[in-house]
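Chemist: sequence first, predicted model second:
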Amino acid sequence: MAMGHMPSAGAVTHTMVTTQFELDGYRVVRTLGVVRGIVVRSRSIFGTIGASLQTILGGNITLLTQLCEKTRADAFELMLQHAAQLGGNAVVGARYDATEIMQGVTEVLAYGTAVLVEPVSRP
């Protein structure tokens with residue numbers, strides 16, 4: 001994102017999310033609170049069978065990798081929506097967590113702190 005360019009109201013772009021607690025080139029004007037995106041997913045019977053077949057060959061289990069990546073992306077997008085609902089235009093301290101709720105069912109949580117930031121003016 002170019003310096004001095006702010007995301008539109010009601011949106012948090014991927015470039016305005018960081019695992020750090022400050023966003024380079026911006027200053028926090030207001031802290032809005034913890035935001036989260038939660039997705040609970042299970043493997044389908046076809047995915048389980050396909051992944052089982054892939055384990056026989058060894059290496060990357062692409063079916064499960066794709067499922068995990070999609071689940072993380074969905075949780076991330078929900079977190080961004082939550083931040084926008086609170087009036088934020090950035091998220092700092094972003095993290096992921098995952099918990100197996102039951103056999104084959106996993107919760108993925110994306111969380112961070114929604115903030116309102118503005119560009120730091122440079123002389």
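Modeler: Arrived safely, thanks for sending.
Chemist: quick check: what element follows the worst-scoring helix or strand of the chain on mean pLDDT along the chain?
Modeler: Ranked by mean pLDDT, DSSP states H and E, the weakest helix or strand in the chain is helix 45-57, scoring a mean of 58. Using DSSP states H and E, the helix or strand that follows helix 45-57 in sequence is helix 62-85.
Chemist: off-centre distance for that following helix?
Modeler: Using C-alpha atoms, centre = their mean, to the nearest Å, the mean C-alpha position of helix 62-85 is found 6 Å from that of the whole chain.
Chemist: and that helix, what other elements does it pack with?
Modeler: With contacts taken as 3 or more C-beta pairs under 8 Å, 6 or more residues apart in numbering; DSSP states H and E, helix 62-85 sits against strand 26-42, helix 45-57, strand 90-102, strand 105-119. Using the backbone N, CA and C atoms, a C-beta is placed for each residue, glycine as well.
Chemist: now do that helix against strand 105-119: the angle between them, please.
Modeler: 40 degrees (axes from the mean of the first three to the mean of the last three C-alpha atoms, to 10 degrees).
Chemist: point out the most buried one among the helices and strands packed on helix 62-85.
Modeler: Comparing the helices and strands packed on helix 62-85 by mean neighbour count (mean count of other C-beta atoms under 10 Å), strand 105-119 comes out on top with a mean of 19.
Chemist: parallel or antiparallel, which strands does it pair with?
Modeler: The pairing partners recorded for strand 105-119 under DSSP bridges are strand 26-42 (antiparallel), strand 90-102 (antiparallel).
Chemist: perfect, I'm done here.
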